[in-house]
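Novice: The following block contains a protein sequence and its predicted model.
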Amino acid sequence: MKVTVVGTGYVGLVSGACLADVGNDVLCLDVDPNKIRILEEGGIPIHEPGLLDVVRRNVEAGRLSFTTDVEKAARFGTIQFIAVGTPPDEDGSADLQYVLAAARNIGRYMDDYRVVVDKSTVPVGTGDKVRAAITEELGKRKAAIEFSVVSNPEFLKEGAAVDDFMRPDRIIVGADDERAIDLMRQLYGPFQRNHEKLLAMDVKSAELTKYAANAMLATRISFMNELANLAETLGADIELVRQGIGSDPRIGWHFLYAGCGYGGSCFPKDVKALVRTGRESGHDLLLLNAVEAANDAQKMLLVRKIVARFGEDLSGLHFGLWGLAFKPNTDDMRDAPSRVIIRELFERGATVTAYDPVAMDEAKRIFGDEPRLRYAQRPMAAVEGADALVIVTEWKEFRSPDFDAICQTLKSAVIFDGRNMYDPAVMRRIGIEYHGIGRR
Ligand SMILES: NC(=O)c1ccc[n+]([C@@H]2O[C@H](COP(=O)([O-])OP(=O)(O)OC[C@H]3O[C@@H](n4cnc5c(N)ncnc54)[C@H](O)[C@@H]3O)[C@@H](O)[C@H]2O)c1
Ligand SMILES: O=c1ccn([C@@H]2O[C@H](COP(=O)(O)OP(=O)(O)O[C@H]3O[C@H](CO)[C@@H](O)[C@H](O)[C@H]3O)[C@@H](O)[C@H]2O)c(=O)[nH]1
């Protein structure tokens, strides 16, 4: 099948490459000429494990190509995926300008039947807006061309995106006509060989399903974070509590890890957008308001622990920081807890040396030539001369460091661990003052 993907970010590039990998002809469009240049030169503009191989394989096979030409893109695919960003507006609602610009471009240049598939995360009712934008553009050029609008939200996780796309738990397709659903079934056939994973529903329910999933997962995390803070005060251990409740199949094991708050390009923005949608429809979503407030507070927790240990004024103190990305296996720092922690440490007079295996370039882009932030090329180099070590992202390479070397290198052997990577009893034995999240 011929497929156009509009937007070559995390979602667009992964979707385009994976769809090409099962034999489709895919053209990826982006308005950012720099991204297209990198792709045309054989690279990829993001860090995503396994993606470069899939992209190269399919470019070489002639099934995957890239363009900045909107007309060519609109005329290429029968199926047109919209996978552009939907960042939060000032009021927290999803900013639809990129989605609607993409829809207008399709309407302006399409020359035959098109299935316009919204893969971006968009508020309920966006399908109607996309339809109206395309209809308006077709009207301007007095063209009577049929098209369908489909909602097909994406559930991939950064760091595991290729695998998530190739082996989805479910494929949500919201559509109001059979022709579009049939084409989507054909397109997704290769991704559901063992059993039917495609759930067809109406457009609005599909749009809401995406927000419901992310809001539920964010709720679990904030719930565990609040319980962790309580456990710490009561002298209980949240890790044992997690094991105790996760073994109940009605609760399950996933997304029960307490930490220094959830970040990333999705949970913070999608919870906000759903709260906003609720408000606009006369429903104050009390629970989700609290989920967001609890997460904002949790991002400050490590700073509060540092202040409790070293005092409010941190001038003259220097911290080693491991992990800048919002989670391991990505270079993405959107809404990452590290950003809050670093700025709060600066605010109180401290300086920081950070190490992250892949996100340091992104940090340099965000913090510019900030003199209070230095970068280390190895984890141990970040610890040198530091008053304490702060761990923000649970990269695998931090799991088993040389604790003796850490003790000898730090000015005082203190670790603030925002991801509960180590056993407090082992830390005590080694002589490290260990501050985890909700640990005994
Ligand atoms: N990142 C994730 O893990 C993830 C997972 C599921 C869903 N989503 C949702 O998918 C959408 C895209 O997210 P992302 O992380 O891939 O975003 P991103 O910012 O990485 O990429 C978006 C791309 O769209 C391009 N773009 C913007 N306007 C365009 C236009 N009119 N025509 C062509 N290209 C255009 C941008 O230049 C950019 O390269 C968002 O709605 C997001 O909420 C993201
Ligand atoms: O038990 C947990 C699990 C996750 N997190 C944090 O939650 C955030 C989000 O993690 P994760 O969900 O793994 O990453 P994302 O790539 O943001 O993926 C989420 O957001 C995507 C965009 O909408 C969805 O497609 C995915 O299904 C959804 O998991 C990160 O900061 C994690 O550190 C925790 O604190 N505790």
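Specialist: Sure, I can see it. Ligands and ions are numbered 1, 2, ... in the order given.

Novice: C-alpha from now on. contacts and neighbour counts both.
Specialist: Fine.

Novice: which outside residues touch stretch 168-176?
Specialist: 148-153, 155, 181, 184, 191-192, 197-207 (C-alpha atoms under 8 Å, 6 or more residues apart in numbering).

Novice: Filter those down to the buried ones.
Specialist: 148-153, 155, 181, 184, 191-192, 197-198, 200-201, 203-207 (16 or more other C-alpha atoms under 10 Å).

Novice: so which of those also contact ligand 2?
Specialist: Phe155 (C-alpha under 6 Å from any ligand atom).

Novice: Sitting in strands, which of the buried ones among the contacts of stretch 168-176 do you find?
Specialist: 148-151, 198, 200-201 (DSSP state E).

Novice: and the residues you listed as TSV, adding distance to ligand 1?
Specialist: Shown next, in TSV, are these (distance: C-alpha to the nearest ligand atom, whole Å):
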residue	distance to ligand 1
Ser148	19
Val149	16
Val150	15
Ser151	12
Leu198	17
Ala200	18
Met201	19
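
Novice: In those, find the pair that's most separated.
Specialist: Ser148 and Leu198 (18.0 Å; C-alpha to C-alpha).

Novice: Pull out the buried positions in the lengthiest helix in the chain.
Specialist: Counting residues, the longest helix found in the chain (DSSP state H) is helix 203-234. Within helix 203-234, the residues that qualify as buried by neighbour count (16+ other C-alpha under 10 Å) are 203-212, 214-215, 217-229, 231-232.

Novice: now the angle from that helix to strand 147-151?
Specialist: 20 degrees (axes from the mean of the first three to the mean of the last three C-alpha atoms, to 10 degrees).

Novice: Find out how far helix 203-234 is from the centre of the chain, if you would.
Specialist: 15 Å (C-alpha atoms, centre = their mean, to the nearest Å).

Novice: Equivalent analysis for stretch 94-106, please.
Specialist: Using C-alpha atoms, centre = their mean, the offset of stretch 94-106 from its chain centre is 21 Å.

Novice: hang on, Val352 is in a helix, isn't it?
Specialist: No - looking at Val352 with DSSP: H, G, I helix; E, B strand; the rest coil, it is strand, so not inside a helix.

Novice: wait, it sits on Glu370?
Specialist: No - contact criterion C-alpha atoms under 8 Å: Val352 and Glu370 do not qualify, at 10.4 Å.

Novice: Tell me which of those two has more neighbours.
Specialist: Val352 (24 against 9; other C-alpha atoms under 10 Å).

Novice: Bridge partners for Tyr434, pull those for me.
Specialist: Ile415 (DSSP bridges).

Novice: Pull up the gap between it and ligand 1, please.
Specialist: Distance from Tyr434 to ligand 1, counting by C-alpha to the nearest ligand atom, to the nearest Å: 32 Å.

Novice: Quickly find the element holding Thr135.
Specialist: Assigned by DSSP states H and E, Thr135 belongs to helix 126-140.

Novice: and that helix, how far from the chain's centre?
Specialist: The answer for helix 126-140 is 29 Å, by C-alpha atoms, centre = their mean.

Novice: And for stretch 17-29?
Specialist: 22 Å.

Novice: how many other residues sit next to Asp53?
Specialist: Neighbours around Asp53, by other C-alpha under 10 Å: 13.

Novice: Quickly note the distance from it to Tyr98.
Specialist: Per C-alpha to C-alpha, to the nearest Å, Asp53 is found 29 Å from Tyr98.

Novice: The residue of the chain positioned farthest from its centre in helix, strand or coil?
Specialist: Using C-alpha atoms, centre = their mean, the residue of the chain lying farthest from its centre is Lys142. It sits 40.6 Å away. On the three-state scheme (three-state DSSP), Lys142 is labelled coil.

Novice: next one: the one 3 residues further on
Specialist: Under the three-state scheme (three-state DSSP), Ile145 adopts coil.

Novice: residue contacts, it?
Specialist: By C-alpha under 8 Å, 6+ apart, the contact set of Ile145 is 111-113, 138.

Novice: Among those residues, which one has the most neighbours?
Specialist: Within the contacts of Ile145, neighbour counts (other C-alpha under 10 Å) peak at Leu138, which reaches 21 neighbours.

Novice: So that residue sits against Ala103, correct?
Specialist: No - the pair Leu138 / Ala103 is not scored as a contact, 11.1 Å apart, by C-alpha under 8 Å.

Novice: what's the angle between the longest helix of the chain and helix 126-140?
Specialist: Going by the same axes, to 10 degrees, helix 203-234 makes 140 degrees with helix 126-140.

Novice: Noted, bye for now.
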